[in-house]
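Peer 1: give the three-dimensional model of this entry:
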Amino acid sequence: MPGELKSLTEERARKLRKLAIILSLVVGIIGLPAGWFGPPLYSNLQQGRLVRQARRFIAGGDYQAAVGRLHRALGYNADNLDALRLLAAVAEKGEMRQAVGLRKRVSQGMPGSFDDACAWADDAFRFNDLDEAAQALAIMRRVRPGDARCHEAAAKLAAASRQQKKADAEFAEALRLDPANETFQLESAINALASDTQDARARLEKLSANPKVRLPALRALAGEALARHRFASALSLFQKITAEPDATFEDRLAFMNVLQVIRQPFLFTQITAMEAAAKGDSWKTARLLSWMNGHAEAMIACEWLGALPPDFIAKPPVACEAARSYLLVLDWKKLRVLASSGNWDSYEFVRKAFLARALREAGDPHGSENCWSDAVILAARQPERLSTLERMAAAWDWQTEGNDVLWLLAEVSDQPLETLHFLAGRYAAAGNTHQLLRVWTKVREIAPSDAEAQNNWARLALLLSAEKDEAARTAADLAEKNPAVPDIIATHALALHLRKHTDEGLLALRSLKPEDLTQPSVAAIYGILLAAKNSPDAAKYLDLAAQAPLYPEEKDLVAQARAPAEKPVEHPRGPAAIQLPSQLPAKQSASREPPLIELPSQLPAKTGTSQQPSLIKLPSQLPAKSK
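Peer 2: Numbers count the residues shown, from 1 in each chain. This is a model prediction of the structure:
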């Protein structure tokens, strides 16, 4: 009996072990693939679901909800092309420049897609971004070199660059390849408006009878009439445009532009109609508010906002334009209430910036500073957001905050030199040479072969006594490589002068052409060196320096050069000079000395014909572009 129990136990144990092995194999077969493919599969399912929801929201006109879903989809996969295309379409509807960047990302994700490259080019032309348009055109030509749309894009690029003949030739080639294309016919006629107005107008009037291109043809005719101040004709054309069933909200806003220009009382009736047309549509409401804010109608905007639901106003894009309206009418209380709560999603950094402004106006500088810092943190690493903050700071005349944002933008931008040159212009206009030196130091690091940047850095370093030895070496090296560039030779001459080698500096300057020496910025340095050698020619060149946009330190050197030198008193030669008493006695006794000449206590208001030296006339403001 014990033996039988033992064998039963062993048999049960073997079965359990066998079952455990089978279960382990099953888990291995099912579990490992689930572990490998589960998360990506879930992510793809979620992305598809969110994109489908976004499409439904767009169809229903709820663009804010659509944007929220698309951002969530991009959170799973930043390169989701369907989400990027839809987001670009929403941006296009809202006339937002971000559409260009979104179309670019799609095209880069699909480098062989001709249609995506065309969409990128179209948005670039829409927002007049010629660099982006040129990049898109390069891809179009690589994918389909002989396509008519390549010639169309090339023609539009040439027209935007004012290369009329090239634009005409490219449009002609596009029409040769596709003569029945109404869009090419339309664009060719619009381009011809710049050179042959009468013929182009006749072609556009003919095209306006074609239902396929009627609206764009009428828009072109109306825009031309408005540009030439033919307001009656423009008004008639815009009335035709707005009567069309396919007329857009933007067409009606353009009609309002004409009404405002001609001071037509019907404008306010049209505004009321537009308010009704925008009801419940966040993007149309935001566009109408934007028009009001940009056309001195912020008071009407605030009245309209008072009739809108608070929840509707509290969300972007309406919230952003509502905040602008309150700011324009200086209603700091309403601005603070609006910006103090809620979540503006991707515009949260804008909310913080508006709150910073409201707090500063309310006398809370510490709270304002904290909110602005929050806005910068939320915008950091994203050039588009930083650019928005910088524009806001510039509009509010917040120079320090705006410049700080520009420094951040230079760190994260694909084109830091453009930002740094803009900063240089600001600092030059303000005469802030220490910050200007900082800019050129950064430019010098990024573009070491840029001779102009190297020269600007060397000039400032010499004037501010910063790294004088390195600056002198840089100036000498630049002068050796660029012996005919006046500004570079002037910097080298200044370096020699500051190192007590004025004669060598003058020799370097005299190697230039005589007309180069009369350039105001060069004449300033030449005059300073001539004055140091007591040359009578110094005054001529120092006078020319008054026309130059000089740095404050250069102005000081010019002023010192103009000041008359203090010459020592020449005593008469002889064995002994006559010693005069340091002070006359209070009472003089009878003396053989002639009496002292009595001077009047005050000189007359007008002296004789002797002329006073003329004052240096300096420019009241430095130009925007630095040296």
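
Peer 1: what ranges does the protein have for its strands?
Peer 2: Taking DSSP state E as the criterion, the chain contains no strands.

Peer 1: need the helix or strand of it with the lowest average pLDDT.
Peer 2: When the helices and strands of the chain are compared on mean pLDDT, DSSP states H and E, helix 2-59 comes out lowest with a mean of 65.

Peer 1: quote the end-to-end distance of stretch 501-517.
Peer 2: This stretch, stretch 501-517, spans 19 Å end to end (C-alpha to C-alpha, to the nearest Å).

Peer 1: now swap in stretch 443-461 and tell me
Peer 2: End-to-end distance (C-alpha to C-alpha), stretch 443-461: 14 Å.

Peer 1: what's the closest non-adjacent residue to L386?
Peer 2: Nearest non-adjacent residue to L386, counting by C-beta to C-beta, 6 or more residues apart in numbering: L409, 4.5 Å away. Where you see a C-beta, it was placed from the backbone N, CA and C, and this is true even at glycine.

Peer 1: neighbours of R97, just the number please.
Peer 2: For R97, the count of nearby residues is 15 (other C-beta atoms under 10 Å).

Peer 1: could you find the closest non-adjacent residue to it?
Peer 2: That would be F127: by C-beta to C-beta, 6+ apart, it lies 5.0 Å from R97.

Peer 1: list phi and psi for that neighbour.
Peer 2: The phi/psi pair for F127 (degrees, to the nearest 10) reads phi -100, psi 20.

Peer 1: contact partners for it?
Peer 2: R97, A99, V100 (C-beta atoms under 8 Å, 6 or more residues apart in numbering).

Peer 1: repeat that for 10 Å
Peer 2: Listed by C-beta atoms under 10 Å, 6 or more residues apart in numbering, the contact set of F127 reads E92, E95, M96, R97, Q98, A99, V100, A133.

Peer 1: do the same with W344
Peer 2: Going by C-beta under 10 Å, 6+ apart, W344 touches A314, K315, P316, P317, A319, C320, A323, V350, R351, K352, F354.

Peer 1: again with S107
Peer 2: So S107 contacts 81, 84, 113-121, 135-136, 139-140 (C-beta under 10 Å, 6+ apart).

Peer 1: circling back: closest to A65 out of the contacts of F127?
Peer 2: M96 (16.9 Å; C-beta to C-beta).

Peer 1: I'd say that closest one and R103 touch.
Peer 2: No: at 11.9 Å, M96 does not count as touching R103 under the criterion of C-beta atoms under 10 Å.

Peer 1: who touches both of these two?
Peer 2: Common contact partners of M96 and R103 (C-beta under 10 Å, 6+ apart): A88.

Peer 1: neighbour count winner among the two?
Peer 2: Taking neighbours as other C-beta under 10 Å, M96 and R103 compare with R103 leading, 28 against 16.

Peer 1: in helices, which of the contacts of W344 fall?
Peer 2: Among the contacts of W344, the members falling in helices (DSSP state H) are A319, C320, A323, V350, R351, K352, F354.

Peer 1: now the closest residue to the first one other than its chain neighbours. Its backbone dihedrals?
Peer 2: Meaning A319. The shortest distance from A319 to any non-neighbouring residue, by C-beta to C-beta, 6+ apart, is to W344 (5.8 Å). The phi and psi values for W344, taken as degrees, to the nearest 10, are phi -90, psi 20.

Peer 1: same deal with G146?
Peer 2: Dihedral angles (degrees, to the nearest 10) for G146: phi -100, psi 10.

Peer 1: the residue nearest to it when sequence neighbours are not counted: what's it in contact with?
Peer 2: Distance criterion C-beta to C-beta, 6+ apart; nearest residue to G146, sequence neighbours excluded, is L177 at 7.6 Å. Applying C-beta under 10 Å, 6+ apart, we find L177 in contact with G146, D147, A148, R149, C150, H151, E152, F184.

Peer 1: does the third one really touch C118, like I thought?
Peer 2: No: contact status for A148 versus C118: not in contact, 11.2 Å apart, counting by C-beta under 10 Å.

Peer 1: ok so, going back, now the contacts of S107: which count as buried?
Peer 2: Neighbour counting with 16 or more other C-beta atoms under 10 Å marks 84, 113-114, 116-121, 135-136, 139-140 as buried within these.

Peer 1: tell me how many other residues surround the closest residue to V439 other than its chain neighbours.
Peer 2: Excluding the flanking residues, the one nearest V439 by C-beta to C-beta, 6+ apart is A424, at 4.7 Å. Residues near A424, counting by other C-beta under 10 Å, number 23.

Peer 1: distance check, A424 against A66.
Peer 2: 42 Å (C-beta to C-beta, to the nearest Å).

Peer 1: ditto for A472
Peer 2: Where A66 is concerned, A472 sits at a distance of 61 Å (C-beta to C-beta).

Peer 1: again, but for L288
Peer 2: From L288 to A66 the distance is 20 Å (C-beta to C-beta).

Peer 1: with K513 instead?
Peer 2: For K513, the distance to A66 - C-beta to C-beta - is 65 Å.

Peer 1: pLDDT weak spots in the stretch 201-350 of the chain?
Peer 2: The model of the stretch 201-350 of the chain has no residue with pLDDT under 70.

Peer 1: residue contacts, the nearest residue to F422 once chain neighbours are set aside?
Peer 2: Nearest non-adjacent residue to F422, counting by C-beta to C-beta, 6+ apart: L406, 6.7 Å away. The neighbourhood of L406, defined by C-beta under 10 Å, 6+ apart, consists of 386-387, 389-390, 393-394, 413, 419-420, 422-423, 426, 439.

Peer 1: try P245
Peer 2: Contacts of P245 by C-beta under 10 Å, 6+ apart are L215.

Peer 1: please apply the same query to the one 5 residues further on.
Peer 2: Under the criterion of C-beta under 10 Å, 6+ apart, the neighbours of E250 are K93, E95, R219, K284, R287, W291.

Peer 1: and those, which is closest to P265?
Peer 2: For the contacts of E250, the closest approach to P265 (C-beta to C-beta) belongs to W291, at 17.9 Å.

Peer 1: Q519 and Q547 touch, don't they?
Peer 2: Yes: with contacts counted by C-beta under 10 Å, Q519 reaches Q547, the gap being 9.4 Å.

Peer 1: quick one, what contacts the residue most central in space within the chain?
Peer 2: Taking C-alpha atoms, centre = their mean as the criterion, S387 is the residue nearest the geometric centre of the chain, at 6.3 Å. Residues in contact with S387, defined by C-beta under 10 Å, 6+ apart, are R97, A379, V405, L406, L409, S413, T419.

Peer 1: gap between it and D311?
Peer 2: Using C-beta to C-beta, we find S387 at a distance of 30 Å from D311.

Peer 1: between the contacts of S387, which is nearest G48?
Peer 2: R97 (28.7 Å).

Peer 1: quick check: the closest one touching P383?
Peer 2: No: counting by C-beta under 10 Å, R97 stays clear of P383, with 11.7 Å between them.

Peer 1: correct me, but M140 touches K156?
Peer 2: No: the pair M140 / K156 is not scored as a contact, 11.9 Å apart, by C-beta under 10 Å.

Peer 1: shared neighbours of the two, anything?
Peer 2: Common neighbours of M140 and K156, counting by C-beta under 10 Å, 6+ apart, are A121.

Peer 1: gap between L259 and E480?
Peer 2: On the measure of C-beta to C-beta, L259 and E480 end up 65 Å apart.
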